[in-house]
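In: Only the shape, not the letters, is given here:
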């Protein structure tokens, strides 16, 4: 069996003396692993850094086998991603969440395409510019997996006005008036997730967005399978929380 696809590198772990098992997020074949011969050579190791885009050819005798990857570099961005603490935290969270929530070998093209946009933004822009994209990427993962969040109308009244909360159970928006009595039990809904462009998201908005998607990834996807939010993803929330506290 054989196929060729575009992919984002998620991780590489050693296998034997000189080979490695490469984990990738592919465009048409989902999260997919394969053996790479000579992966520990300096040239190969540089090519197989998380966040780089590669072209893969996968070969195996039968579909159930691990298979072997033949890899060519398509877009090197690891150098830029690893240059700053925030961008390194971002790509690490991206890779860890993709690994934790996406089933192996199940196609999810929007996750790949959104990941490409996100990683380009992380490589080229500052933290405040790419965090909204990161939150939307995680919201897109929830949608892809059948747990889409609904911010169109208030769950209690049906109104489209003053949507500022989210029910932690249903993932539906709640407006100000019916939500006020339960505000301590509800999640904050940052305006940027409603598509409002009247002002740049505040650090508090960015932290609220990360808290929101982390809650539902845990609630709907991870906890039912006895998993928890990856440490790399928690570090991203911690960084956003520090930025929010410093802005007060």
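Out: Received it, and whenever you're ready, just let me know what you need. Computed from a predicted model, the values in this text were never measured in an experiment.
In: Next up, phi/psi of the nearest residue to residue 112 once chain neighbours are set aside, please.
Out: Closest residue to residue 112 apart from its sequence neighbours, by C-beta to C-beta, 6 or more residues apart in numbering: residue 27 at 4.7 Å. (Glycine included, C-beta is placed from N, CA and C.) Per-residue torsions, residue 27: phi -70, psi -40 (degrees, to the nearest 10).
In: ok, now residue 33?
Out: phi -110, psi 160.
In: That one reaches residue 68, doesn't it?
Out: No. The pair residue 33 / residue 68 is not scored as a contact, 10.9 Å apart, by C-beta atoms under 8 Å.
In: sorry, back to before: okay, now the residue nearest to residue 112: neighbour count?
Out: Applying other C-beta atoms under 10 Å, we find 20 other residues in the vicinity of residue 27.
In: Residue ranges of each domain in this protein, please.
Out: 2-76, 80-151+189-247 (automatic domain parsing).
In: Average pLDDT for the first one, rounded please.
Out: What it means is domain 2-76. For domain 2-76, mean pLDDT rounds to 94.
In: thinking again about what came up before, residue 41 versus the residue nearest to residue 112, what's the distance?
Out: From residue 27 across to residue 41, the span is 26 Å (C-beta to C-beta, to the nearest Å).
In: What of residue 11?
Out: Counting by C-beta to C-beta, the gap from residue 11 to residue 41 is 18 Å.
In: And for residue 208?
Out: In terms of C-beta to C-beta, residue 208 sits 44 Å off from residue 41.
In: Counting neighbours, go ahead and name the busier of those two.
Out: Using other C-beta under 10 Å as the criterion, residue 208 and residue 41 rank with residue 208 on top: 22 against 11.
In: what about residue 117, helix or strand, and which?
Out: Per DSSP states H and E, residue 117 falls inside helix 109-124.
In: residues in contact with that helix?
Out: Residues from elsewhere that reach helix 109-124 (C-beta atoms under 8 Å, 6 or more residues apart in numbering): 6-8, 25-28, 51, 53, 77, 80-81, 87, 90-91, 94, 98, 102, 129-130, 133-134, 136-137, 140-141, 143-144.
In: 6 Å - rerun?
Out: Under the contact criterion C-beta atoms under 6 Å, 6 or more residues apart in numbering, helix 109-124 has outside partners 8, 25, 27, 51, 77, 80-81, 87, 90, 130, 133-134, 137, 140-141, 144.
In: Could you pick out the longest strand of the protein?
Out: strand 2-15 (DSSP state E).
In: What strand or helix carries the spatially most central residue of the chain?
Out: Note on the chain: the residue nearest the mean C-alpha position is residue 94, at 4.0 Å, using C-alpha atoms, centre = their mean. Of the helices and strands defined by DSSP H and E, residue 94 is found in helix 85-101.
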